[in-house]
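[1] Show me how the following folds:
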Amino acid sequence: MARVLYPGSFDPIHNGHLEIVETASRLFDSVVVASMRNPQKGEPLFSLEDREAMLNESVAHLPNVEVTMFASLVVDLARTVEADFIVKGLRAVSDFESELQMAQMNLKISGVSTVFLPSASGNSFLASRLIREIARFGGDCSAFVPEPVAKRLKEKYPA
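    Predicted coordinates:
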């Protein structure tokens, strides 16, 4: 039984992330989606608790997917959840360089390999930072995010 870990900040989860989760859920027996506070990305829009709720609501239709939060190295979490692989989504060639470096480091320090899943071209432009910016300025993000996220964005930034 293959179990994979899909880590990220997911602030917020968008349809590109959801596409990767859905693809991983078809390819592997079990998927753990893990959200973390990434200090390199500045102050988060949503708390970890809010992100956990949005993730759970967004993947509720996938019976082999579970959600967790973490504040450690990804490889430590991979060991804790007994993941066979780490899954990372790739939107563009520019993602590959940094993700490859991270994958090689993770493999070296833990022995856990990373599997890269490309996003469909229809979602390749999505980025949480862009969604946050659009929402802050009153734009409609509902086409880019799962319904639970769209609802929370509207609550956070009422028109």
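
[2] Looks like I134 contacts C141 (just checking).
    Yes: with contact defined as Cβ atoms under 8 Å, I134 and C141 form a contacting pair (5.4 Å). Bear in mind the C-beta positions are built from the backbone N, C-alpha and C, glycine included.

[3] out of these two, which sits in the more crowded spot?
    Using other Cβ atoms under 10 Å, the more surrounded residue of I134 and C141 is C141, with 20 against 15.

[4] residues contacting R91?
    G16, P118, S119, N123, S124, F125, L126, A127 (Cβ atoms under 8 Å, 6 or more residues apart in numbering).

[5] again, only using 7 Å
    By Cβ atoms under 7 Å, 6 or more residues apart in numbering, the residues touching R91 are G16, S119, S124.

[6] got these as CSV, with neighbour count columns?
    Putting the contacts of R91 into CSV (neighbours: other Cβ atoms under 10 Å) gives the following:
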residue, neighbour count
G16, 21
S119, 20
S124, 16
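
[7] A2: which of those residues is nearest?
    S119 (21.0 Å; Cβ to Cβ).

[8] Please tell me how far that closest one sits from L90.
    Noted for S119: a distance of 7 Å to L90, by Cβ to Cβ, to the nearest Å.

[9] Any buried residues in stretch 117-127, and which?
    Judged by neighbour count using 16 or more other Cβ atoms under 10 Å, the buried positions of stretch 117-127 are L117, P118, S119, N123, S124, L126.

[10] who touches the longest helix belonging to the chain?
    Scanning the chain for the helix with the most residues, using DSSP state H, yields helix 93-110. Helix 93-110 is contacted from outside by V74, V75, A78, R79, I86, K88, L90, V112, S113, T114, F116, using Cβ under 7 Å, 6+ apart.

[11] Only whichever of those residues are buried, select them in PyMOL.
    Per 16+ other Cβ under 10 Å, the buried members of the contacts of helix 93-110 correspond to this PyMOL selection:
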select buried, resi 74+75+78+86+88+90+112+114
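
[12] Give me the distance from whichever strand or helix holds M69 to the chain's centre.
    Using DSSP states H and E, M69 maps to strand 65-70. Distance of strand 65-70 from the chain centroid (Cα atoms, centre = their mean, to the nearest Å) equals 10 Å.
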